[in-house]
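**Student:** just to be clear, the model below is a prediction. Sequence and coordinates:
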Amino acid sequence: MQWGSVSEFVAMGGYGLYVWTSFGVTAFGMLWEVFALRRRHALALSRTYESRYDQCEKS
Amino acid sequence: MMGLARINWFKYSSPQAFYPLAGRLMPWCAATAILLIGMGLYLGFFVAPTDFQQGQSYRIIFVHVPAAWMSMFLYVIMAIWAGLGLGLNARPSFMMAQAIAPTGALFTFLALVTGAMWGKPTWGAWWVWDARLTSELILLFLYGGVMLLRTSIDDSRRADRAGAVFALVGVVNVPIIYFSVRWWNTLHQGASVSMTAAPKMAATMLTAMLVMTLGFWMYSLAVILARMRCVILEREEQASWGTHPSHQDALEVH
């Protein structure tokens, strides 16, 4: 391991901004996709339930 | 024999059978992804040494290369499903292609952004019109085209076919991206890992990169299964639209 302290780790040898932005954007993008899919699934599920309920009601 | 194989294929690929199966597989893929990405980050930040040329900025490789690889892998897999869909006239294949596209687009976007973050300190520019970068940007447009084409056509059968043809035509771009660093004199560095030669990087760096790539694979699998479940529900609902009187009422209300 090459890090003497936490601040050294954060600084990334002067490239901190570039390194952490890269990892941050990637983490944000992947987490955003997970949450967007959860929302989409909940919405799709509620809609199919509604349509099934409608069909039961009419028949 | 042919008939038998066909029946089995369609039985296991039916949306009704696939939906619960995907639901059961998803948590395992997600857990494996978290484990592998955690391991990859540990190896990448605490085990892999400093690069003698690029210092610490090279650590961007641990997200940049896996994202770029996934962007290409996923396009090829999407094109294969699209081709199967066209060849067998199978709706589940088109649905797989539909489920893959947004994740591929995300990884393409991430490869471009992390590339810019690496380009600035290394080349002094966020972006250059180099063959590798340009062909990766075209990949993003291809994913965008496949997705837009689908949403712009109302009839789902026609949308499936149009999207699939577009995806198949675009697949020629993938070898162009891959070989761009060899075919043209690019600013982008050559491949660090190739099928034919020994890797040009320290073993721990390579391990970290491969573990991250495996993690991204498992993540993609989990997310694509999740999207497949959404697509199945949405299409089921769409199929009942208009055929039932209650939906006719709803159409008039909205």
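**Tutor:** Yes, it's here. Numbering: from 1, shown residues only, chains lettered A, B, ... in the order given.
**Student:** could you report the neighbour count for residue 48?
**Tutor:** No chain in the question, so chain A it is. Using other C-beta atoms under 10 Å in any protein chain shown, A:T48 has 16 other residues around it. Every C-beta, even on glycine, is put in place using the N, C-alpha and C of the backbone.
**Student:** switch to chain B, please.
**Tutor:** B:A48: 23 surrounding residues under other C-beta under 10 Å.
**Student:** so how far is B:A239 from A:R47?
**Tutor:** 12 Å (C-beta to C-beta, to the nearest Å).
**Student:** quick one: which of the two has more around it?
**Tutor:** A:R47 (15 against 11).
**Student:** might one say that the more buried one is in contact with B:E237?
**Tutor:** Yes: contact criterion C-beta atoms under 8 Å: A:R47 and B:E237 qualify, at 5.2 Å.
**Student:** is chain A within reach of the helix or strand containing B:L110?
**Tutor:** Per DSSP states H and E: B:L110 is located in helix B:91-123. Yes: Helix B:91-123 reaches chain A (C-beta under 8 Å from any C-beta of the partner chain) through B:102-103, B:106, B:109-110, B:113-114, B:117-118, B:120-121.
**Student:** tabulate these (CSV), appending neighbour count and pLDDT.
**Tutor:** Shown next, in CSV, are the residues of helix B:91-123 next to chain A (neighbours: other C-beta atoms under 10 Å in any protein chain shown; pLDDT from 0 to 100):
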residue, neighbour count, pLDDT
B:P102, 19, 98
B:T103, 26, 98
B:L106, 23, 98
B:F109, 20, 98
B:L110, 25, 98
B:V113, 19, 98
B:T114, 26, 97
B:M117, 26, 96
B:W118, 25, 95
B:K120, 17, 94
B:P121, 18, 93
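**Student:** which of those residues sits closest to A:E8?
**Tutor:** Nearest to A:E8, judged by C-beta to C-beta, of the residues of helix B:91-123 next to chain A is B:P121 at 17.6 Å.
**Student:** which parts of stretch A:23-43 are buried?
**Tutor:** If you call a residue buried by 16 or more other C-beta atoms under 10 Å in any protein chain shown, then stretch A:23-43 has these buried ones: A:23, A:25-26, A:30, A:33, A:37, A:40-41.
**Student:** got it, and stretch B:200-217?
**Tutor:** B:201, B:205-217.
**Student:** contacts only, for the closest residue to B:T186 other than its chain neighbours.
**Tutor:** In space, and not counting its chain neighbours, B:T186 is closest to B:D130: 4.7 Å by C-beta to C-beta, 6 or more residues apart in numbering or on different chains. Each residue near B:D130 by C-beta atoms under 8 Å, 6 or more residues apart in numbering or on different chains is listed here: B:184, B:186-188.
**Student:** now which of those residues would you call buried?
**Tutor:** Buried among the contacts of B:D130 by 16+ other C-beta under 10 Å: B:186-188.
**Student:** count the residues that sit near the nearest residue to A:A44 once chain neighbours are set aside.
**Tutor:** If the residues on either side of it in the chain are set aside, A:A44 comes closest to B:L233, at 3.8 Å by C-beta to C-beta, 6+ apart. Neighbours of B:L233 under the rule other C-beta under 10 Å: 21.
**Student:** quick one: B:L233 and A:S46 touch, right?
**Tutor:** No: B:L233 is beyond contact range of A:S46, at 9.7 Å (criterion: C-beta under 8 Å).
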